[in-house]
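In: Let's see this in three dimensions:
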Amino acid sequence: VAMIGSPPRTPAGTLALGGGVPGSVVSSQAPGSAGASSPAHRAAGGKGTPTAPVPGNGSKPARGTASPQAKPSARAAASSSSSSSTSPSPSASPSPSPSKGTLAVTRTKLALSAVKGKAARGTFRLAAVGGPVSDYVIRVPAGVAGKVTVAPASGSLASGGLVTVTVTVKSLVALDTKVTAEPGGLVITVAFSIKA
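Out: You can find the predicted model right below:
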């Protein structure tokens, strides 16, 4: 029902369908904002890759730069290993050989006697003085070989060592002879007599 003196109302349905008085419909967007999107829309719709913040001095951060001392040089390690493996070992100095000793005799004369046809025995001792004596030898003259024997006839002595030498005489007649101990030319006189 239209009231007298009032302008006629435009039906709401007509406004929703774009009808009504031309130019009387106010747009819900401000002029010039139709193509612009809201900040939330831009943030949701953007697909660009975020960039790292730039330092204050304007320099770009280095990518994957390792410190020069982060790991040892392989070449230096190999050189050190090679030098250590090829270094010569110190050679052992030869030990000095002990000085040679001198042969000495405790008795220089043996007086032996026995019944005819029997053997007589006597002893003397050899000693190494001031060091070892190697390869000593006791010689019996060829003229009495088989009648006079010595034992041991040869050997070696350590420093300070002693050896007892036995002289055996078996003869039907009396005899005097000399046996010699080397080195040193030591002479031991042997006198043999027959008992009555």
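In: From A151, how far off is the nearest residue to L103 once chain neighbours are set aside?
Out: Nearest residue to L103, sequence neighbours excluded (CB to CB, 6 or more residues apart in numbering): G184, at 4.6 Å. For the C-beta atoms, the positions are set from N, CA and C on the backbone; glycine is no exception. As judged by CB to CB, to the nearest Å, G184 and A151 stand 20 Å apart.
In: List the residues that contact the residue lying closest to L162 once chain neighbours are set aside.
Out: Of all residues not flanking L162 in the chain, A127 sits nearest, at 5.0 Å (CB to CB, 6+ apart). Neighbouring residues of A127 by CB atoms under 8 Å, 6 or more residues apart in numbering: 103-106, 157, 160-163.
In: Any chance of those residues in CSV with distance to R139, secondary structure and neighbour count as columns?
Out: Listed next are the contacts of A127 as CSV, based on distance: CB to CB, whole Å; DSSP: H, G, I helix; E, B strand; the rest coil; neighbours: other CB atoms under 10 Å:
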residue, distance to R139, secondary structure, neighbour count
L103, 13, strand, 18
A104, 17, strand, 16
V105, 14, strand, 16
T106, 19, coil, 13
L157, 17, strand, 20
G160, 25, coil, 12
G161, 21, coil, 15
L162, 20, strand, 12
V163, 16, strand, 15
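In: so which pair among these is furthest apart in space?
Out: Across the contacts of A127, no pair lies farther apart than V105 and G160, at 15.2 Å, counting by CB to CB.
In: Now stretch 145-164: buried residues?
Out: Residues of stretch 145-164 classed as buried by neighbour count (16 or more other CB atoms under 10 Å): 147-150, 157.
In: Let me see the ranges of the helices in the protein.
Out: 12-16, 39-45, 74-86 (DSSP state H).
In: same question for the second one, mean pLDDT?
Out: Read that as helix 39-45. Mean per-residue pLDDT for helix 39-45: 43.
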